[in-house]
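> for reference, the sequence and a predicted model appear below.
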Amino acid sequence: LPREALDHRRFWEAMDAISPTQLAEIERRVVADMVESFDLDCSGLVLDMTNFATYIDSANDKAPIARRGHAKQKRTDLRLVGLGLVISLDGGVPLVSHAYGGDRPDVTQFPLMVDELVSRFGALGLPADELTLVYDAGQDSKKNQTKMAESPLHFVGSLPPSDHLELMAVSRRRYRVVNEEAFPALTAFESRSSALGGKYRVVVTHSQNLHDLQLQGFSQTLAKACGQLAEVSARLGRGKARKDRAELEAEIARILAPRWLERVISFELTGDSQATYRLSFGIDARAQKALETELFGKRVLFTDRDNWSIAEVVAAYRSQSGVEADFRQMKDPKVVGFSPMFHWTEQKIRVHAAYCVLALAVARLMAREARNAGMTMSVRELLSSLGRIQETVMIYPSTGGRPRARRMLTEMDPAQARLYELYGLDAYAPRN
């Protein structure tokens, strides 16, 4: 390509010439080449979805993909673009991406991504019945699980513990240590249970670390609610109620809305007028202890991998940290970031999402190659180390005629020297 063809203005013009169908085909071909060239192990895959806040004007009608919805970055005032990824457990490399409207629930995009996954890996000649897809409870629905059951894919997912109280009631005596070296303080038992229209193998785990974190978080939530109820009680005690009973009950309901509070806090609102309303409340210690025993620290995993050990099921589910790390990387504004996005039309946003995913794939492959060579580095560490390898131009005074210039690289530390050799950067080094 001529140099002028790569001018950013020409690039923006070219973006409009690429249709969504062509974008998908480009990704398919790139992924096929990555899988073959780098011998990626695609037997383990993780699916997850997120959204990115944009600064597109509310009156802009040229970007219907950007809509207000459930903002995972807590920017409810901004329009969102959703992005789903399927990554390989081998290196955390994105293999399937799907951009969608920010107002659409993640659970509605699941079937589309499963269809694309099956189609894409079938075209690669990889047997789909050897692939295992991992996803969290956010994708749970009877429709989605039926889609998985009808597909050749295997799966490991999770179920809300509160929907399976019969499993939560199982005695701790049935729990066994999973693998103390790989999963410290983790115990589990397995059973079979009906869920989402089918009967599946379930693995119920208890993590003491998760238990302690949930207890700490709930204690903070409980203390905050008690403080708010105390303020309401004090206000009513001074005879300064400015709300009727229905409004007071609604205020108390809002205070007790966070998960589990109504199980632990009991209250009584007495009186028949604003001057006589009184509120009393208390914490039921027995109910709090029962809650901790029943739910804290527990997860319910389900799978059709009946031949896997409990440790293998747990390891597969915990691999979701890989796609979560990819999303965190894409939300890093300095390294392989989706934001800020300087595009305002539907087509340019879709192309922007595509090349951000491609950039992430390249970065993950580079980190994978480094790890295979014995250097474990994050994407940020890797690119930062490479970025410090710079070209210097030395100008020598002339004794007559033009000054002499010599191009050379800055001095490299041992890690940079290994990366330089690993990636064959000598081919791009200055020549004198």
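Sure thing, it's come through.

> looking at stretch 286-300 now, give me its mean pLDDT.
On average, the pLDDT along stretch 286-300 is 94.

> quick check: phi and psi at residue 191.
phi -160, psi -170 (degrees, to the nearest 10).

> name the nearest residue to it, ignoring sequence neighbours.
Distances taken as C-beta to C-beta, 6 or more residues apart in numbering place residue 202 nearest to residue 191, at 5.5 Å, with adjacent residues excluded. For glycine as for every other residue, the C-beta is placed from the backbone atoms N, C-alpha and C.

> for that neighbour, give me its contacts.
159, 164, 167, 190-193, 195, 300-302 (C-beta atoms under 8 Å, 6 or more residues apart in numbering).

> out of those, who's nearest residue 239?
Using C-beta to C-beta, residue 164 is the member of the contacts of residue 202 that lies nearest residue 239, at 47.6 Å.

> which residue, neighbours along the chain excluded, lies closest to the closest one?
Nearest non-adjacent residue to residue 164 (C-beta to C-beta, 6+ apart): residue 300, at 5.5 Å.

> what of residue 235?
Residue 235's closest residue in space is residue 241 (C-beta to C-beta, 6+ apart), at 6.8 Å.

> is the one you found in a helix, a strand, or coil?
Judged by DSSP: H, G, I helix; E, B strand; the rest coil, the three-state class of residue 241 is coil.

> could I get the contacting residues of it?
Per C-beta under 8 Å, 6+ apart, neighbours of residue 241: 235, 248, 274-275, 277.

> coming back round to it: per-residue pLDDT, the residue nearest to residue 191?
96.

> next one: the helix or strand encompassing residue 190 to chain centre, how far?
Assigned by DSSP states H and E, residue 190 belongs to strand 183-195. Strand 183-195 has its C-alpha centroid displaced from the chain centroid by 23 Å (C-alpha atoms, centre = their mean, to the nearest Å).

> mind jotting down where the helices sit in the protein?
8-15, 20-37, 110-123, 142-150, 165-168, 208-237, 245-255, 261-264, 285-295, 310-318, 321-330, 346-372, 379-387, 414-422 (DSSP state H).

> now these in CSV, with mean neighbour count?
Below are these laid out as CSV (neighbours: other C-beta atoms under 10 Å):
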stretch, mean neighbour count
helix 8-15, 12
helix 20-37, 15
helix 110-123, 18
helix 142-150, 15
helix 165-168, 12
helix 208-237, 15
helix 245-255, 14
helix 261-264, 17
helix 285-295, 14
helix 310-318, 20
helix 321-330, 19
helix 346-372, 19
helix 379-387, 16
helix 414-422, 15
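
> how about residue 67: what's its closest non-neighbour residue?
Closest to residue 67 by C-beta to C-beta, 6+ apart is residue 103, at 3.8 Å.

> ok, now residue 138?
Nearest one to residue 138, counting by C-beta to C-beta, 6+ apart, is residue 106 at 5.5 Å.

> give me the pLDDT for the one you found.
For residue 106, the model assigns a pLDDT of 89.

> contacts only, for it.
When contacts are counted by C-beta under 8 Å, 6+ apart, residue 106 touches 49, 82, 84, 138-139.

> tell me the one of the residues you listed nearest residue 66?
residue 82 (9.7 Å).

> just to check, the closest one is in contact with residue 54?
No - counting by C-beta atoms under 8 Å, residue 54 is not a contact partner of residue 82; they are 11.2 Å apart.

> in this structure residue 117 contacts residue 96, no?
Yes - between residue 117 and residue 96 a contact is recorded at 5.5 Å, counting by C-beta under 8 Å.

> I'd like to know how far the residue nearest to residue 191 sits from residue 183.
As judged by C-beta to C-beta, to the nearest Å, residue 202 and residue 183 stand 17 Å apart.

> next: residue 301.
For residue 301 relative to residue 183 (C-beta to C-beta), the value is 13 Å.

> just residue 175 next, same as before
Where residue 183 is concerned, residue 175 sits at a distance of 13 Å (C-beta to C-beta).

> same question, residue 299
With C-beta to C-beta as the criterion, residue 299 and residue 183 are 12 Å apart.

> before we move on, what about residue 199?
Counting by C-beta to C-beta - residue 199 and residue 183 are separated by 27 Å.

> who has more neighbours, those two?
residue 183 (19 against 10; other C-beta atoms under 10 Å).

> so the more buried one makes contact with residue 309?
No - the pair residue 183 / residue 309 is not scored as a contact, 11.9 Å apart, by C-beta under 8 Å.

> could I get the buried residue list for stretch 34-51?
The neighbour-count check on stretch 34-51 (16 or more other C-beta atoms under 10 Å) flags 34-35, 38, 40, 42, 44-51 as buried.

> stretch 64-72 now?
Buried residues in stretch 64-72 (16+ other C-beta under 10 Å): 65-67, 69, 71-72.

> contacting residues for residue 430?
391, 407-409.

> do that again at 7 Å, thanks
391, 407-408 (C-beta atoms under 7 Å, 6 or more residues apart in numbering).

> wait, which of those is closest to residue 262?
Among these, and counting by C-beta to C-beta, the member closest to residue 262 is residue 391, at 64.7 Å.

> can you name the residues bridging to that closest one?
residue 409 (DSSP bridges).

> same deal with residue 405?
residue 395.

> contacts only, for it.
Neighbours of residue 405 in contact, by C-beta under 7 Å, 6+ apart: 393-395.

> any chance of those in TSV, with pLDDT, neighbour count and distance to residue 293 too?
TSV is the format used below for those (pLDDT from 0 to 100; neighbours: other C-beta atoms under 10 Å; distance: C-beta to C-beta, whole Å):
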residue	pLDDT	neighbour count	distance to residue 293
393	86	9	70
394	86	10	72
395	86	9	75
